[in-house]
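>>> Dropping the sequence and predicted coords here.
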Amino acid sequence: MRYRTRVTAPAAALLGTAAVLAVGSSASARPQALRPGATPGAETLGDSVFPSLGNDGYRVEAYHLDFAYDATTRLVDAEATLMIRSTQALSRFSLDALGLDVRSVRVGGTAATFEQVDEKLRITPARTLPESCAVAVCVEYTADPARTLPYTAWVPTPDGFAVCPQPNAAHTVFPCNDHPLDKADFSFRITVPSTLRGVASGRLVRTEKLDGDRTAYTYRSGSPMATELVQITVGDYVVKERRGPHGLGLRDVVPTARATALEPALALTPGQLDWLEQRLGAYPFETYGLLPCNSDAANAFDFTGLETQTLTLYKPNFLLQEEKKIGSHMMHELVHSWFGNSVSPADWADLWINEGHADFYGLLYRYERGWADSLGLLTMEDRMKDTYARGDQWRASSGPVAAPNAVNLFDSQRYLGGVLVLYALREAVGEDVFNRIERTFLERHRNAAATTADYIAVATKISGRDQSGFLNDWLYGTKTPRMPNHPDWTVTPVVSGQVAPRHREPGHYPDSSATL
């Protein structure tokens, strides 16, 4: 992929209000009079799975989200300030936005005209933005977490809300360039009644007591973040702090009434981090913790856990089980801090890198502890033999591992199918070389987005052998290749008409991960 140089916004911009960001625009970057060369930014970032996401006319360097939650109306009054840098001369640009009641838009401190069309907030600045112009865009709006939408990231709870933006729903919470290719720095200010607590991704940097018995909490991300990884939550929570490996500060955000019952699960994190750091290197962020969302509703969200950056979202009842029933999946979600969060997918077709690695290490963790999986199997080799037999059937029903669409994106093919690819590579190059491939890929693409081709390039360089043919067959082939070192393994043939096409809405499906 082509990489852009990321200009980090000044600390004042990350911590401050929209006014601070607006003042931060340099005089040389102010909008100029409209001129013939300026055009609207293309309303896409070219994703193969979600082509309508994003705008290619700019990149976002920083977001500041200022949320005020009203416990009586249960509405959120919000102001989103984006520091953007244009990639062309712009007469107009758009932000992804759905279900947000926008009141005003300012560009560089000056009112701009806007319209909401489908899932785009189209903004026409008073003057043209020249190429490479850094400018603050401020959007004031109201959001209703309970609003019925075609899809949404909001998770309403009895005492507030949480958010689950993956893969394409962050723009139902805040206007944004909603694609992991455009990672940015984030800061958050969450104002709530003092009986509640506001929490977000990153580290708490300020707490303010306000009039009207309200409290404002400000958080800042220490590393750039994809929009789909943002977490913002409000509720009756207690924050439990502990230490991880090498003194890493951990914080769990737990429903107050369940803090004691959830402690056995929360206490597992330091040991899990230590196990994973031995394999993937140092944890890449400033903190980690769990957020058992304060809702037991079956339809609160349709998955068990979600790797929002530095704060993994869970259904609380899942974490009330014994360790052997939750430890493998907790490892799955933790692995995403490396694969998916630190290194994000440059295209949603690259999801197998996230989910394949999460299941790969989650299963290794399970089998090392002697915990049988959902099939009653106790070794990676036995599970991969079973998965290998299903290979052609999954390719027929869900497509090749690295060629999903919006409907089958979260099928087992991206999870266990991805594990099978990684297992095949490890069999082909050996465990030591495979481990070096993993670490090199993470180091080379840290805090950025990477493609499947990037992973293949690293595998080729580290192994000293061109892996493109081997991995392309495994990732894009319509037939399952032979498994290295296992000539006796066989694939169950697909019988014509045996695999029925799937007709369902896009989304997460809870049985996809083998770690559950």
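Cool, the structure landed.
>>> rest of the way, CA atoms for contacts and neighbours
Noted.
>>> Buried ones in stretch 451-470, by neighbour count?
Neighbour counts over stretch 451-470 (16 or more other CA atoms under 10 Å) mark 451-452, 454-460, 462-463, 467 as buried.
>>> My impression was that Val494 belongs to a helix - is that right?
No. Applying DSSP: H, G, I helix; E, B strand; the rest coil, one finds Val494 to be coil, outside a helix.
>>> Identify each buried residue in stretch 77-85, please.
Buried residues in stretch 77-85 (16+ other CA under 10 Å): 77-85.
>>> Let's have the residues you listed in CSV, adding pLDDT.
Output for those, formatted as CSV (pLDDT from 0 to 100):
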residue, pLDDT
Asp77, 98
Ala78, 98
Glu79, 98
Ala80, 98
Thr81, 98
Leu82, 98
Met83, 98
Ile84, 98
Arg85, 98
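>>> Keep only those of those residues that are in strands.
77-85 (DSSP state E).
>>> Turn those into JSON lines, including distance to Val139.
Listed next are those as JSON lines, based on distance: CA to CA, whole Å:
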{"residue": "Asp77", "distance to Val139": "11"}
{"residue": "Ala78", "distance to Val139": "8"}
{"residue": "Glu79", "distance to Val139": "6"}
{"residue": "Ala80", "distance to Val139": "5"}
{"residue": "Thr81", "distance to Val139": "6"}
{"residue": "Leu82", "distance to Val139": "9"}
{"residue": "Met83", "distance to Val139": "12"}
{"residue": "Ile84", "distance to Val139": "13"}
{"residue": "Arg85", "distance to Val139": "16"}
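>>> what sits against the closest residue to Glu307 other than its chain neighbours?
Leaving aside its chain neighbours, Glu307 sits nearest to Glu333 (5.6 Å; criterion: CA to CA, 6 or more residues apart in numbering). By CA atoms under 8 Å, 6 or more residues apart in numbering, Glu333 lies in contact with 305-307, 312, 358.
>>> neighbour-wise, which of the residues you listed leads?
Greatest neighbour count in the contacts of Glu333, by other CA atoms under 10 Å, goes to Ala358: 31 neighbours.
>>> quick one: the closest residue to that one other than its chain neighbours and Asp302, what's the gap?
Nearest non-adjacent residue to Ala358, counting by CA to CA, 6+ apart: His332, 4.4 Å away. To Asp302, His332 is 17 Å away according to CA to CA, to the nearest Å.
>>> Max pairwise distance over the buried residues of stretch 451-470: which two?
Thr451 and Ser463 (18.6 Å; CA to CA).
>>> Just give the number of residues close to the closest residue to Pro175 other than its chain neighbours.
Nearest non-adjacent residue to Pro175, counting by CA to CA, 6+ apart: Ala97, 4.8 Å away. The tally of other residues near Ala97 (other CA under 10 Å) stands at 25.
>>> Cross-check the contact I'm expecting between Ala97 and Lys120.
Yes. With contact defined as CA atoms under 8 Å, Ala97 counts as touching Lys120 (5.3 Å).
>>> After the lowest-mean-pLDDT helix or strand in the chain, which helix or strand is next?
Within the chain, no helix or strand scores below helix 18-23, which has a mean of 38 by mean pLDDT, DSSP states H and E. Past helix 18-23, further along toward the C-terminus, the next helix or strand under DSSP states H and E is strand 39-40.
>>> Show me where the stretch 251-400 of the chain has its strands.
Along the stretch 251-400 of the chain, counting by DSSP state E, counting those that start in this stretch, strands occupy 290-292, 305-306, 312-314, 343-345.
>>> ah, wrong one, I meant the stretch 101-250 of the chain
101-107, 110-111, 113-117, 120-124, 134-143, 154-157, 160-163, 185-193, 197-200, 203-210, 214-220, 232-235, 237-243, 249-255.
>>> okay, those in a markdown table with mean pLDDT, mean neighbour count and distance to Gln272 next?
Shown next, in a markdown table, are the strands of the stretch 101-250 of the chain (pLDDT from 0 to 100; neighbours: other CA atoms under 10 Å; distance: least, CA to CA, whole Å):
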| stretch | mean pLDDT | mean neighbour count | distance to Gln272 |
| --- | --- | --- | --- |
| strand 101-107 | 98 | 19 | 42 |
| strand 110-111 | 98 | 16 | 50 |
| strand 113-117 | 98 | 15 | 45 |
| strand 120-124 | 98 | 21 | 41 |
| strand 134-143 | 98 | 24 | 37 |
| strand 154-157 | 96 | 22 | 27 |
| strand 160-163 | 97 | 25 | 25 |
| strand 185-193 | 98 | 26 | 27 |
| strand 197-200 | 98 | 26 | 23 |
| strand 203-210 | 98 | 14 | 21 |
| strand 214-220 | 98 | 21 | 25 |
| strand 232-235 | 98 | 24 | 24 |
| strand 237-243 | 97 | 16 | 12 |
| strand 249-255 | 98 | 22 | 12 |
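>>> how about those strands in JSON lines, adding distance to Asp66?
Converted to JSON lines, the strands of the stretch 101-250 of the chain look like this (distance: least, CA to CA, whole Å):
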{"stretch": "strand 101-107", "distance to Asp66": "14"}
{"stretch": "strand 110-111", "distance to Asp66": "19"}
{"stretch": "strand 113-117", "distance to Asp66": "20"}
{"stretch": "strand 120-124", "distance to Asp66": "19"}
{"stretch": "strand 134-143", "distance to Asp66": "10"}
{"stretch": "strand 154-157", "distance to Asp66": "16"}
{"stretch": "strand 160-163", "distance to Asp66": "15"}
{"stretch": "strand 185-193", "distance to Asp66": "5"}
{"stretch": "strand 197-200", "distance to Asp66": "11"}
{"stretch": "strand 203-210", "distance to Asp66": "13"}
{"stretch": "strand 214-220", "distance to Asp66": "9"}
{"stretch": "strand 232-235", "distance to Asp66": "11"}
{"stretch": "strand 237-243", "distance to Asp66": "20"}
{"stretch": "strand 249-255", "distance to Asp66": "20"}
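>>> wait, isn't Ser52 in contact with Glu43?
Yes. With contacts counted by CA under 8 Å, Ser52 reaches Glu43, the gap being 6.9 Å.
>>> Between those two, which is the more surrounded one?
Glu43 (20 against 17).
>>> helix/strand/coil for the more buried one?
coil.
>>> measure it to Leu516 for me?
From Glu43 to Leu516 the distance is 38 Å (CA to CA).
>>> With Thr128 instead?
Distance check for Thr128 against Leu516: by CA to CA, it reads 52 Å.
>>> and what of Pro284?
Counting by CA to CA - Pro284 and Leu516 are separated by 25 Å.
>>> Now do the strand or helix carrying Arg59: distance to the chain's middle.
In this assignment (DSSP H and E), Arg59 forms part of strand 58-70. Put simply, strand 58-70 sits 16 Å off its chain's centre (CA atoms, centre = their mean, to the nearest Å).
>>> do the same with stretch 475-491
31 Å.
>>> Just the endpoints, please. Distance across that stretch?
From its first residue to its last, stretch 475-491 covers 16 Å (CA to CA).
>>> now swap in stretch 38-56 and tell me
14 Å.
>>> So which bits of that stretch are buried?
Quick answer for stretch 38-56 (16+ other CA under 10 Å): 38-41, 43-47, 49-50, 52-56.
>>> ok, so of these, who is nearest Cys133?
Within those, the smallest distance to Cys133 is 12.6 Å, found for Ala38 (CA to CA).
>>> how far away is the closest one from Asp47?
In terms of CA to CA, Ala38 sits 24 Å off from Asp47.
>>> gap between Lys324 and Glu355?
Separation of Lys324 from Glu355 (CA to CA): 21 Å.
>>> More neighbours: the two, which one.
Taking other CA under 10 Å, Lys324 and Glu355 do not tie; Glu355 has more neighbours (27 against 14).
>>> Leu229 contacts Asn341, correct?
Yes. Contact between Leu229 and Asn341 holds when scored by CA under 8 Å: they sit 7.2 Å apart.
>>> shared neighbours, those two?
307, 309.
>>> The two: which has the busier surroundings?
More crowded of Leu229 and Asn341, by other CA under 10 Å: Asn341, with 29 against 25.
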